[in-house]
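**Student:** Quick one: sequence plus predicted model below, questions after.
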Amino acid sequence: QVQLVESGGGLVQAGDSLRLSCAASLPIFSSYTMGWFRQGPGKEREFVAYISKSGGSTYYADSVKGRFTISRINARKMVYLQMNSLKPEDTAVYYCAADASILPQTTTRSYDYWGQGTQVAVSS
């Protein structure tokens, strides 16, 4: 059974950092683009970042570019999201997702598997 399990969320102050982790039980982890999405209070789920299957390519939403870094370790079946200079508007539930598409995607409908989410709250 495929499972994605996020961890690392919490309550921090503006300007602080957090690192989210996602452990994936995917049979062939390196066959999936891995993405992070988030859903703030009263908002739709939105794309944050993805990393290609090999880890050689990354892409970020404009709102997090320069502050967040996505990475993966295929041998450990892990993906990470390092979040620096956090802002109150980053408050959301953060989801890890896996996409088997040939090319990396930024839309939620493209992703095949999802974690349960981890809460990030940033106070001003």
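**Tutor:** Looks like it came in fine.

**Student:** need the contact list for residue 57.
**Tutor:** Residue 57 sits next to 51, 104 when contact means Cβ atoms under 8 Å, 6 or more residues apart in numbering. In short, each C-beta sits where N, CA and C put it, glycine included.

**Student:** beta partners of the spatially closest residue to residue 72 that is not a sequence neighbour?
**Tutor:** Once flanking residues are discounted, residue 72 sits nearest to residue 79: 4.4 Å by Cβ to Cβ, 6 or more residues apart in numbering. On the basis of DSSP bridges, residue 79 is bridged to residue 22, residue 72.

**Student:** who are the neighbours in contact with residue 79?
**Tutor:** Counting by Cβ under 8 Å, 6+ apart, residue 79 touches 21-22, 24, 34, 36, 51, 70-72, 96.

**Student:** And the residue nearest to the spatial centre of the chain, how far from residue 100?
**Tutor:** Nearest residue to the geometric centre of the chain (Cα atoms, centre = their mean): residue 36, 2.1 Å. When Cβ to Cβ, to the nearest Å is the yardstick, residue 36 and residue 100 sit 17 Å from each other.
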